[in-house]
Each structure stands twice: as C-alpha cells, then as structure tokens.
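[1] when you get a sec, could you give me coordinates for this:
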Amino acid sequence: MGNIAQRECQYVKSGIMNGIPFSSYGRKSLQFIKTGDEWRLTSVVWCDHQPNE
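    Here you go, the predicted model:
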C-alpha cells in the first residue's frame, strides 16, 4: 500500500498479579506510515483474550 503498513500479531503473557499467578494471550494490531525515509508508528490496538471467549 505504498506509504501505509499494518502488522498483526499474537502475544502470550504471564506473571503474578496481587499474589496470584496468571497467564493469558491476545492479539495486537500496529499501523505505520512512511514519512520520507522513516516508518512511524501511528496506532497500536491490542485485545487480551477473555476466559469466556
């Protein structure tokens, strides 16, 4: 698309929150625009998986 690009990916995360171990995953969508010789990040959207999905 010339000077516009989009990247979608999945992620996994884990850790301890309020003393309770957790793990989850989700999706990210990143949008970029090319200005001159550089690509600039213009937008980031992410969505964590919800246990009832």
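
[2] following element in sequence after the helix or strand hosting residue 12, please.
    Element membership for residue 12, per DSSP states H and E: strand 4-17. Counting by DSSP H and E, the next helix or strand C-terminal to strand 4-17 is strand 20-35.

[3] where in the protein is pLDDT low?
    In the predicted model, the chain carries pLDDT under 70 at residues 1, 52-53.

[4] give me that answer again for 80
    Residue ranges of the chain with pLDDT under 80: 1, 50-53.

[5] so what's the residue nearest the centre of it up against?
    The chain has residue 28 as the residue nearest its centroid, 2.4 Å off, counting by CA atoms, centre = their mean. For residue 28, the contacting residues are 8-11, 44-46, by CB atoms under 8 Å, 6 or more residues apart in numbering. To be clear about C-beta, it is placed using only N, CA and C from the backbone, and glycine gets the same treatment.

[6] a markdown table for those, including neighbour count and distance to residue 21?
    A markdown table is the format used below for those (neighbours: other CB atoms under 10 Å; distance: CB to CB, whole Å):
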| residue | neighbour count | distance to residue 21 |
| --- | --- | --- |
| 8 | 9 | 28 |
| 9 | 10 | 24 |
| 10 | 9 | 21 |
| 11 | 12 | 18 |
| 44 | 10 | 27 |
| 45 | 10 | 27 |
| 46 | 11 | 21 |
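
[7] need the max-distance pair from the residues you listed.
    Farthest apart among the contacts of residue 28 by CB to CB are 10 and 44. That separation is 14.5 Å.

[8] so what's the closest residue in space to residue 41 that isn't next to it in sequence bridging to?
    Using CB to CB, 6 or more residues apart in numbering and skipping the chain neighbours, the partner closest in space to residue 41 is residue 32 (5.7 Å). Beta-bridge pairing of residue 32 under DSSP bridges involves residue 5, residue 41.

[9] count the neighbours of residue 32 for me.
    16 (other CB atoms under 10 Å).

[10] contacting residues around it?
    Taking CB under 8 Å, 6+ apart, one finds 4-7, 39-42 in contact with residue 32.

[11] 10 Å instead, please
    Applying CB atoms under 10 Å, 6 or more residues apart in numbering to residue 32 gives the contacts 3-7, 38-43.
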